[in-house]
Every structure is written in structure tokens, then in C-alpha cells.
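> After the sequence you'll find the predicted model.
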Amino acid sequence: MKQQLEKIIQAAFDKAIEKGDFKSQDKTQPIIEKPRQESHGDFSTNIAMVSASVQKMAPARIANILVQHIDDTHHMIAKTEIAGPGFINFYLTPDAWFSKLKNIHAQGDHYGKSNMGNNEPVLIEFVSANPTGPLHIGHGRGAAVGDSIANILSFCCYNVHREYYINDSGRQIRTLGRSVYLRYCEMMGQTIDYPEDCYQGDYIRELAEQEKDTLQDMNAEDAISSCAKNAALKILEGIDADLKKFRVTFNNWFSEQSLYDSGKIDHTLQWAREKDLAYDKEGAVWFRTQNWGDEKDRVIRKNDGLNTYFASDIAYHKDKFDRGYNRLIEVWGADHHGYIERLSAAIQSFGKQRDQFDVILVQLVNLLRNGKPVAMSTRAGKFVTLKDVVDEVGPDACRFLFLMRHHDSPLDFDLELAKKQTNDNPVYYVQYVHARISSILKKAAEIKKDISSNTLNALDTTDDLRLIKALTEFPETVCTSAMRLEPHRVAYYLTHLASLFHTYYNQNRVLSDDQSLTSARLFLIKAVQTVIRNGLTLLGVNAPESM
């Protein structure tokens, strides 16, 4: 709708220039917006005001000239109105809205799709939690955000691949092995002063129990290595199972250790030296991140000869581009914000552009029960896992509530609210629209009521048109979500649409003795059901037929 109006305004501009009404040949791209007040029309543009300095003319005069030259060949404009200092307000015909309603039926599950991505290869890496313990609720929010962004980008014709980066090398894995081994030693009757820096929690004891038969004849060093390898593998299997239950799957699981085994980290360091991007200082090797705006250069190999995590990250991201991906998107915890500049500097050192790398920072989740905080302590190993939450409230409520707010804002997640079968629960509120419409359509079929677009002129109330107008906003919502990497926009849109539908249904009869009106309203609510289903699918949430 907006694009059609933009073309109409541009054509009016061209005609005004041709007739000599505008002195300058320069045109300003029209911006079409929805007015805040419904009484101000369906759409509005400030083109006259932003063109005033170019045309050397008062905005009101420009607006009058443009309105005179509007040629509405599609008969979509009922009237125009010049308001304030030069706004042009457009009031569209009901037929213009009815044509959009027909489009929803014609496109079905594809409604809202676009070719914006033009099949651009995109790699989105998310979750990537260290295999040192089960996923907690914070990881769940990152999983929901990352997976939904991948869905939305795919819907907009990006060639999206999902990847999980496994930090299976380095100090934290050795600490895991040591933690399991010490718990094993306790089981064997030894008195152990268990260090605070070791991993806590019952899962460590469970892993130690599983190792009892394999460690008996090993020395301590070999036992720790064995515990580290086996425990990381079992934890990773659990992570995979938990994510699948959360409806998250990956195209690839990428091992950090594989970078060492393949020699890619050494090759990357050699490449950096050849490009004069690495240098020696104080016995360590440094990378020139300051060349691309980082506050200082960063160490990639310490003076003890061990590589830093940054060295692995440089090799890993270089490998991503070498695999043919044109754009990298990564979902991180908000506490990693200080790492963005050094990594973006490394990516630019590859000859890539800064905008080929996006980082989405996800804030913490505050877990509540009936409004009261749930006590957790990561150090003591007492935390609520993602599996615990999904088992209690289900993946639908879990995913939708994770996506209700912008990912950069802290989120309060109330377990009891998530289980409620009332309108207080946002996911129930939205899903119930789909289920209610399914029930209405089933009843309509039973009493032989037709669904048809032949009687849409019967949709002549403000409520009818308001609902249709809301449906036409879905494609733009999806595109904006894709451009800004903000899936909460889809969740917010669905909540708003659900609110409009519930109000509509409470104030307007769908099934009545008026055959024409019934047929038209069935056509309308079926379109609502399509949009609700498409939106929920993008968020990885089911659209139930009954509730």
C-alpha cells in the first residue's frame, strides 16, 4: 500500500515538473506513514515540507500542486486532505483494502514473505554455551532470539545457516574434567577440599558416577583428561536434546578444537604476521586491532606460549568467511559487549566491511514465581535450567515470552503467568485467536455457511476496516524485523492483532442470518487466522486448532 502511494506521489512530482509548476528538477523521496490519529486518514506524507527548501516554495503550496497532479489510475484513493503546515493525508477506498484482504488468501502461508535478502548467504551463530553444564534460562532467551531471527531472515529470502560454536578447548574444559575427577575421588572415599573455581551442581556428581568404571587404573592427569572429554561430550548431548525440545536445531556444530587439529589457528597467526597485523611485545604476540578503532591492540598468544580465546575467534571468523558466508550474525550475552570492537576490528582486517558483522546482545532473564524472584546461585550450582522451564510451561509459552520484549532489555519471566490459560498470558491471548477462528470456521461448515470474497462490500463498519488495515501491516513488520534483527516486533504485532480481533469478535457477530455479511466476515477472520499462524511460525510457536 505504501509503495503504491509512493509511486503515485512520484508520478505527481514528475507531472508538476513537466508542467513547470516546480522550478527544480530535484525530487525528494516521499515518506509515507500511518497517522497517529485514525481521523487523519489511512496514510500521510510530509513530502511538501521536506521539499520546501529545494523548491523554494511554501509547503502548503507544494502540497496543493501535488494533490492537483495526482492520477489515481487504480482508484485506491477516496480523498486527500492537506493538513497543518503541509501534510497530505490520504483516505483509501474500501476496495483498496479489500484487494489486500484477497491477497492474504491468495498467498496463504507465504503472506508476509519478501525477496529482500536476494538469497544472500548468512551465518547466524547463537547459544554456543560452553559444554560445562546444562543450559540455563538465559541461554534459552538467546536461543529463542537467534532461532526466530533465522526464521524471519529465511522468510525474507536470505540463505540462512544456523551454527553452534563448541568451546571444547582450553581452560574451562580442563576445569570441567578436574571438577568431575575430584567428585569421583570423593565417591572413592577420599577427603577432598573442593575448590571454589570448580563447577558446582548435582550434574557434576552424576557425571562422576558415570566415570567410576573407567578411571580406576588411571593416573590423575590422564583421569582429568578423560573426564574432561567424556563429560563435555555428555553435556553437549544434553544441550542438543534440550534445544531440540525447545524447537531449535542447527545446520552445523563447529568445534573450537578442530581449529587446532586442522592447523587453522597457526595458519591464521602466520597470515597475520605476513600482513603485518601481528607483532611481538613483552614476550607475547599482539594483533593490531587498534588500526580499526579498538581502544588498544589485543594479545593473541601469551608469553607462556598459549593462545588466547581471541586467537581462536580470529581463526574461527576467518573460516566463516572462507566458507562463503557474506554476512555474520551472532547472539551473545550482554556481558560480552566489550568484545565487539576487537572482533569487528579482526573482521575488517580480513578486508570485510563492518556491516557484514552484527552482534545481538541479549540481556538477563529474571525468573519469577507469582511475582517473586526464584533464588538462584550459579556458584553453588543452584540454577533453573532451560529444560526445567520448558518441562513446566512448555516451549510455546517459553519462546513467546522470551520474545515479548526487545532483546537488549532485561526480562521478567513469571513461571505461573506462563502456565495460565487466561488472557493475562500473552501467548495464550494470541494462540486463542487461532483456535477460536478454527472453531468458528468449523461451525460455519457444519451449518453450510459459505466463505467468499464476492460480498466484501458488506464489510462497511469501522471495525471491519480497522481489522483489515491491521492485517496489511504484517509484511512491513516482518521486513522491519529482518532489517533490524528484532523479532520482538513480530511478537508485539501479534499481540496487537489479537487485541483487535478479541474486541472485534466481542462487538460484531460473524455468523448471522445475513448471508452476505456472514460470508464476508468469515473471509475476513480466515485471513486473520492466516496472519496469526504465519507470525507464530516465525517465532517457533504453535498455532493450535483448539484450546
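That came through, no problem.
> quick one, phi/psi of residue 476?
phi -70, psi -40 (degrees, to the nearest 10).
> Equivalent analysis for residue 77, please.
phi -100, psi 120.
> again, but for the one 4 residues further on
The main-chain torsion angles of residue 81 are listed as degrees, to the nearest 10 and equal phi -150, psi 130.
> Next, work out how far apart it and residue 64 are.
Plainly put, residue 81 is 12 Å away from residue 64 if you go by Cβ to Cβ, to the nearest Å. Using the backbone N, CA and C atoms, a C-beta is placed for each residue, glycine as well.
> For residue 159, grab the count of nearby residues.
Residues lying near residue 159 (other Cβ atoms under 10 Å) number 16.
> Number of residues surrounding residue 490?
Quick note: residue 490 (other Cβ under 10 Å) scores 27 neighbours.
> Format the CA atom coordinates belonging to the helix or strand hosting residue 479 as CSV.
Residue 479 belongs to helix 474-484 when elements are defined using DSSP states H and E. C-alpha atoms of helix 474-484 as CSV (Å, rounded to 0.1, in the frame of the first residue of the first chain):
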residue,chain,number,x,y,z
PHE,A,474,2.2,-7.7,8.7
PRO,A,475,4.6,-7.8,5.7
GLU,A,476,6.2,-4.5,6.7
THR,A,477,6.5,-5.7,10.3
VAL,A,478,8.4,-8.8,9.1
CYS,A,479,10.7,-6.7,6.8
THR,A,480,11.5,-4.3,9.6
SER,A,481,12.2,-7.2,12.0
ALA,A,482,14.6,-8.6,9.4
MET,A,483,16.4,-5.4,8.7
ARG,A,484,16.8,-4.5,12.4
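> and the longest helix along the chain, what does it pack onto?
What stands out as the longest helix in the chain, according to DSSP state H, is helix 220-245. Counting contacts by 3 or more Cβ pairs under 8 Å, 6 or more residues apart in numbering; DSSP states H and E, helix 220-245 packs against helix 171-187, helix 202-210, helix 386-393.
> let's go with 6 Å and repeat that
helix 171-187, helix 386-393 (3 or more Cβ pairs under 6 Å, 6 or more residues apart in numbering; DSSP states H and E).
> Please tabulate those helices in a markdown table and include distance to residue 50 and mean neighbour count as additional columns.
Below are those laid out as a markdown table (distance: least, Cβ to Cβ, whole Å; neighbours: other Cβ atoms under 10 Å):
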| stretch | distance to residue 50 | mean neighbour count |
| --- | --- | --- |
| helix 171-187 | 55 | 20 |
| helix 386-393 | 49 | 20 |
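> Mind checking the ones you listed for the one nearest to residue 197?
helix 171-187 (6.8 Å; Cβ to Cβ).
> Could you tell me how far residue 188 is located from residue 196?
22 Å.
> Give me the more crowded residue out of the two.
residue 188 (12 against 6).
> Look up how far residue 215 lies from the more buried one.
9 Å.
> all strands of the stretch 51-200 of the chain, in order?
77-83, 87-92, 121-125, 159-166 (DSSP state E, counting those that start in this stretch).
> Compute the inter-axis angle for the shortest one and strand 159-166.
Interaxial angle, strand 121-125 versus strand 159-166 (axes from the mean of the first three to the mean of the last three Cα atoms, to 10 degrees): 30 degrees.
> List the strands paired with strand 121-125, with their directions.
Strands that pair with strand 121-125, judged by DSSP bridges, come out as strand 159-166 (parallel), strand 327-333 (parallel).
> Repeat that for the first one.
Here strand 77-83 has these sheet partners by DSSP bridges: strand 87-92 (antiparallel).
> Check which residues of the strand it pairs with are buried.
Within strand 87-92, the residues that count as buried by 16 or more other Cβ atoms under 10 Å are 87, 88, 89, 90, 92.
> ditto for stretch 188-206
So, applying 16+ other Cβ under 10 Å, buried residues of stretch 188-206: 198, 199, 200, 201, 203, 204, 205.
> tell me what the helix or strand harbouring residue 430 is packed against?
According to DSSP H and E, residue 430 maps onto helix 426-446. Judged by 3+ Cβ pairs under 6 Å, 6+ apart, the packing partners of helix 426-446 are helix 395-402, helix 488-507, helix 515-538.
> then the longest one to CSV, C-alphas only?
When you say that, I think you mean helix 515-538. What follows is helix 515-538, C-alpha atoms only, in CSV (Å, rounded to 0.1, in the frame of the first residue of the first chain):
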residue,chain,number,x,y,z
GLN,A,515,-25.7,-14.4,4.3
SER,A,516,-23.7,-11.7,2.6
LEU,A,517,-22.3,-10.3,5.8
THR,A,518,-21.6,-13.8,7.2
SER,A,519,-19.7,-14.8,4.1
ALA,A,520,-17.6,-11.6,4.1
ARG,A,521,-16.8,-11.8,7.8
LEU,A,522,-15.8,-15.5,7.5
PHE,A,523,-13.4,-14.4,4.7
LEU,A,524,-12.0,-11.7,7.0
ILE,A,525,-11.4,-13.8,10.1
LYS,A,526,-9.8,-16.6,8.0
ALA,A,527,-7.3,-14.0,6.8
VAL,A,528,-6.7,-13.1,10.5
GLN,A,529,-6.1,-16.8,11.2
THR,A,530,-3.5,-16.9,8.4
VAL,A,531,-1.6,-13.9,9.6
ILE,A,532,-1.6,-15.2,13.2
ARG,A,533,-0.3,-18.6,12.1
ASN,A,534,2.4,-17.1,9.9
GLY,A,535,3.6,-14.8,12.7
LEU,A,536,3.6,-17.5,15.3
THR,A,537,5.5,-19.8,12.9
LEU,A,538,8.3,-17.2,12.6
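> and that helix, what does it pack onto?
By 3+ Cβ pairs under 6 Å, 6+ apart, helix 515-538 packs against helix 94-107, helix 426-446, helix 488-507.
> repeat that with 7 Å
For helix 515-538, the elements it packs on are helix 94-107, helix 137-155, helix 426-446, helix 462-471, helix 488-507, judged by 3 or more Cβ pairs under 7 Å, 6 or more residues apart in numbering; DSSP states H and E.
> Send me the last one as CSV with only the CA atoms.
If I follow you right, that is helix 488-507. In CSV, the C-alpha atoms belonging to helix 488-507 read as follows (Å, rounded to 0.1, in the frame of the first residue of the first chain):
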residue,chain,number,x,y,z
HIS,A,488,10.1,-8.8,19.3
ARG,A,489,8.4,-6.7,16.6
VAL,A,490,6.6,-9.7,15.4
ALA,A,491,5.5,-10.7,18.9
TYR,A,492,4.3,-7.2,19.6
TYR,A,493,2.4,-7.1,16.3
LEU,A,494,0.7,-10.4,17.0
THR,A,495,-0.4,-9.2,20.5
HIS,A,496,-1.8,-6.0,19.0
LEU,A,497,-3.7,-8.0,16.2
ALA,A,498,-5.0,-10.4,18.9
SER,A,499,-6.3,-7.5,20.9
LEU,A,500,-8.1,-6.0,17.8
PHE,A,501,-9.6,-9.4,17.0
HIS,A,502,-10.9,-10.1,20.5
THR,A,503,-12.5,-6.6,20.6
TYR,A,504,-13.9,-7.2,17.1
TYR,A,505,-15.4,-10.6,17.9
ASN,A,506,-17.0,-9.3,21.1
GLN,A,507,-18.7,-6.4,19.3
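> per-residue confidence averaged over it?
The pLDDT scores in helix 488-507 average 98.
> now do the third one
Here the mean pLDDT over helix 426-446 is 97, rounded to a whole number.
> Alpha carbons of that helix, as CSV, please.
The C-alpha coordinates for helix 426-446 follow below in CSV (Å, rounded to 0.1, in the frame of the first residue of the first chain):
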residue,chain,number,x,y,z
PRO,A,426,0.3,-13.2,26.2
VAL,A,427,0.9,-16.5,24.3
TYR,A,428,-2.5,-17.8,25.3
TYR,A,429,-4.0,-14.5,24.3
VAL,A,430,-2.6,-14.8,20.8
GLN,A,431,-2.9,-18.6,20.3
TYR,A,432,-6.6,-18.4,21.3
VAL,A,433,-7.3,-16.2,18.3
HIS,A,434,-6.2,-19.0,16.0
ALA,A,435,-8.1,-21.6,18.0
ARG,A,436,-11.3,-19.5,18.2
ILE,A,437,-11.3,-18.9,14.5
SER,A,438,-10.8,-22.6,13.8
SER,A,439,-13.9,-23.2,15.9
ILE,A,440,-15.9,-20.6,14.1
LEU,A,441,-14.9,-21.9,10.7
LYS,A,442,-15.8,-25.5,11.8
LYS,A,443,-19.2,-24.4,12.9
ALA,A,444,-19.7,-22.4,9.7
ALA,A,445,-19.0,-25.5,7.7
GLU,A,446,-21.5,-27.5,9.8
